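Here is the input, now give the coordinates:
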Amino acid sequence: MPPSDTHSPMTRARRLVAWLLGLTCALALLVAGSANPAAAAPSFVRVAGATKIDTALAISAAGWPSGSTYAVLATGNNFPDALAGGPLAYALDAPILLTANKASGLEPVVRQELVRLQATNVVILGGPVAVNTTIEKQLSQSYSVERIGGATLYDTAALIAARLQDALDGVPATSAFLADGTNYPDALGAAPVAARLGAPIVFTPRNQDLKSATRDYLAKLRPASLYVLGGPAAVTQRAMDQAGAASAGTVTRVFGATLYDTNIAIFKQWRSMFTTGGAVTLATGRNFPDALAGGVFAAKLGAPLLLVDGKATKATSKTQMAVASVAPVTAYVFGGPLAVTDAVAKSALGGVPDVTIQSVVNFRDVAGTGAGLPLADGGHMVRGLVYRSAALQGMSATDKTKLKNAGLTDIYDLRTPGTAASHPDPAIGTARYTLINLYGTKTVPAVTGATAQARLASRVEINREFVTSATQRARLAVLLRSFAAAKGPVIVHCSEGKDRTGFVSAVLQLLAGVDQATIVKEYLLSNDARKALIDADVAKVLATSGQAAADARRIDLTVHPEQIQASLDAIAAYGGVDAFLTKGVGLSAATVDAIRGKLQGP
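Next comes the predicted model:
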């Protein structure tokens with residue numbers, strides 16, 4: 001039986017904390033089940049303690065306010081044991097508690113939490129190096145203790161996976177996860193997913209073959225689906241192939257360019273698992289303990305575990321979009337302000353802010369409005385990443401401040417050198433200015449023909465040459481390589497923001513996976529943005545030169561579906577946008593994938 005120091009002041013205080021956190025969670029879940037998600041902005045509840053050990057205890061109190069028969073104990077000094085133990089803890093309905101593994105024994109606050117939980121069983125993850133025998137002996141005096149540990153972290157993960165099957169009444173898992181056992185970020189976000197699937201998490205060392213313990217376990221389980229977390233730098237293609245051969249099931253790599261992109265890729269892969277109108281959880285991606293303990297709680301909530309750079313100025317656009325797609329009532333933030341600042345947490349909940357610029361014409365987000373342009377994979381194009389505009393000359397100080405606050409890092413000017421020199425862009429914060437003369441000529445190509453029909457045909461040919469001209473493809477390569485390396489939002493613009501800018505925007509949209517009908521629709525929005533200017537100009541021509549001249553002038557000032565369709569058809573002639581960008585533009589496949597990864601959101 002557990003010890004009975006239930007009347008100590010510390011224990012009474014911890015019970016009060018547990019009750020208050022439990023009440024907060026219960027009220028949040030009650031609201032989540034009844035409120036209109038769009039009715040109010042989500043609030044966040046910080047679940048934290050003074051140390052990583054205390055934060056795990058706070059998560060235990062929040063997630064298990066009424067206690068638990070089981071508790072899982074793991075080292076807080078390394079990640080694999082607790083990460084592999086997440087699905088087991090969820091199956092046992094147990095919190096994961098952490099220890100610093102001191103030679104003197106288990107921390108008193110952890111012992112007190114076991115009392116509050118009224119636990120009778122403690123599962124220790126890892127061998128004596130991870131959780132020492134002094135701690136095991138202390139616990140054995142009051143609890144039924146089970147240690148799951150092997151000679152290496154790979155053996156321990158395989159043993160935990162076998163114990164998970166026992167906890168699930170002997171039913172073998174149909175899915176499994178394979179992750180890097182030497183670094184933590186890729187797998188952290190998968191913890192609640194694996195838990196809810198009842199799927200084990202096993203490991204492989206970076207840049208090495210699959211360990212025998214992992215291979216043998218997968219060969220025994222033979223899961224129908226094996227998910228590899230992280231790119232080839234984390235789990236090599238050779239290790240992935242070895243795991244696939246052992247499991248004989250479908251193998252899928254889920255990854256992104258950064259740990260945060262991989263986290264969002266996991267979110268997208270299992271988006272249907274997360275309850276809309278419920279909750280999300282946030283943890284720092286800079287360290288692992290908070291997310292280790294929080295993953296099981298997230299699984300109980302039916303919530304994603306989203307990683308943020310807790311010391312950045314704001315959350316990424318992809319994280320903001322992920323949160324918005326869940327429409328949560330509450331976000332639980334694991335760890336204190338030193339782990340995740342209030343500013344980052346609040347920005348994650350606020351959605352991608354709309355940047356509205358009034359002082360220049362034809363300014364808008366290439367990814368559209370609202371959730372972002374829909375993509376073929378079910379996600380949305382990332383908003384707040386690429387803006388398009390007419391010339392920036394004359395931009396107001398207020399609008400410059402908006403773009404500076406949005407984190408603008410680059411301005412790509414597609415105009416000719418003469419035009420750029422006579423109508424220079426203003427400086428916007430620390431954003432880098434790059435002149436990329438997309439036409440590659442001293443002057444803009446002349447539109448020929450006396451009639452409206454002839455002039456339209458001329459403009460269609462100019463658009464086709466964006467793709468067929470080697471000079472223009474080379475200029476596009478400069479822009480795209482720079483964009484691939486850009487650290488934040490960018491602006492692409494020309495004089496009127498309709499032809500050159502429209503083509504570049506269409507290429508980005510096509511690469512992201514936007515359908516052609518939507519691309520054409522977005523392209524034509526320039527006519528709406530410039531309507532007053534167009535109408536005024538055409539009216540003058542009509543008054544002085546007649547209807548035919550006015551019609552021809554309107555052709556010059558507007559954009560037309562035939563123009564962008566000519567560009568799209570020329571791209572299709574290469575065999576698709578990937579072939580165009582690699583064979584025609586000269587980008588590497590890695591650069592194309594990097595750009596696509598930036599553009600594709602949840």
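
which residues in the stretch 251-400 of the chain form helices?
For the stretch 251-400 of the chain, applying DSSP state H, counting those that start in this stretch gives helices covering 259-269, 289-301, 317-326, 342-349, 397-405.

Could you save the ones you listed as CSV and add columns showing mean neighbour count and distance to Ala71?
Quick note: C-beta positions are derived from backbone N, CA and C, even for glycine. As requested, these are exported to CSV (neighbours: other Cβ atoms under 10 Å; distance: least, Cβ to Cβ, whole Å):
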stretch, mean neighbour count, distance to Ala71
helix 259-269, 24, 27
helix 289-301, 29, 11
helix 317-326, 25, 29
helix 342-349, 19, 28
helix 397-405, 15, 46
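
Out of those helices, which gets nearest to Gly513?
Set against Gly513 and scored by Cβ to Cβ, the helices of the stretch 251-400 of the chain come closest in helix 259-269, at 12.1 Å.

Please name the residues that touch the spatially most central residue of the chain.
Of all residues in the chain, the one closest to the mean position by Cα atoms, centre = their mean is Ile264, 3.0 Å from it. Applying Cβ atoms under 8 Å, 6 or more residues apart in numbering to Ile264 gives the contacts Gly256, Leu306, Lys318, Thr319, Ala322, Gly601, Pro602.

if you set the cut-off to 10 Å instead, what comes out?
By Cβ atoms under 10 Å, 6 or more residues apart in numbering, the residues touching Ile264 are 189, 256, 258, 304, 306-307, 316-319, 321-322, 379, 382, 597, 600-602.

Can you tell me how far the residue nearest to it when sequence neighbours are not counted is from Arg364?
Distance criterion Cβ to Cβ, 6 or more residues apart in numbering; nearest residue to Ile264, sequence neighbours excluded, is Lys318 at 4.6 Å. Note on Lys318: its distance to Arg364, by Cβ to Cβ, to the nearest Å, is 20 Å.

For the protein, give me the ranges with low pLDDT.
1-41 (pLDDT under 70).

How is the protein partitioned into domains?
Domains of the chain are assigned by automatic domain parsing as 9-349, 364-601.

Out of those, which is the most enclosed?
Each of these was scored by mean neighbour count; the highest is domain 9-349, a mean of 21, by mean count of other Cβ atoms under 10 Å.

For Asp93, which of the helices of the stretch 251-400 of the chain is the nearest?
helix 289-301 (8.2 Å).

sorry, back to before: so the residue nearest to Ile264 sits against Gly351, correct?
No - contact between Lys318 and Gly351 fails when scored by Cβ atoms under 10 Å: they sit 11.9 Å apart.

who touches both of these two?
Counting by Cβ under 10 Å, 6+ apart, the residues touching both Lys318 and Gly351 are Arg383, Gly384.

got the CA coordinates for stretch 71-88 in PDB?
Output in PDB follows, covering the C-alpha atoms of stretch 71-88 (Å, rounded to 0.1, in the frame of the first residue of the first chain):
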ATOM      1  CA  ALA A  71       2.400   5.800 -12.400                       C
ATOM      2  CA  VAL A  72       5.300   5.700 -14.900                       C
ATOM      3  CA  LEU A  73       8.700   6.900 -13.800                       C
ATOM      4  CA  ALA A  74      11.500   7.800 -16.100                       C
ATOM      5  CA  THR A  75      14.700   9.800 -16.100                       C
ATOM      6  CA  GLY A  76      14.400  13.400 -16.900                       C
ATOM      7  CA  ASN A  77      18.000  13.500 -18.000                       C
ATOM      8  CA  ASN A  78      17.500  11.800 -21.400                       C
ATOM      9  CA  PHE A  79      14.500  11.300 -23.600                       C
ATOM     10  CA  PRO A  80      14.300   7.800 -25.200                       C
ATOM     11  CA  ASP A  81      12.800   5.900 -22.300                       C
ATOM     12  CA  ALA A  82      10.000   8.300 -21.500                       C
ATOM     13  CA  LEU A  83       9.300   8.900 -25.200                       C
ATOM     14  CA  ALA A  84       8.900   5.200 -25.800                       C
ATOM     15  CA  GLY A  85       6.900   4.900 -22.700                       C
ATOM     16  CA  GLY A  86       4.300   7.400 -23.700                       C
ATOM     17  CA  PRO A  87       1.900   4.900 -25.400                       C
ATOM     18  CA  LEU A  88       2.300   2.500 -22.500                       C
END
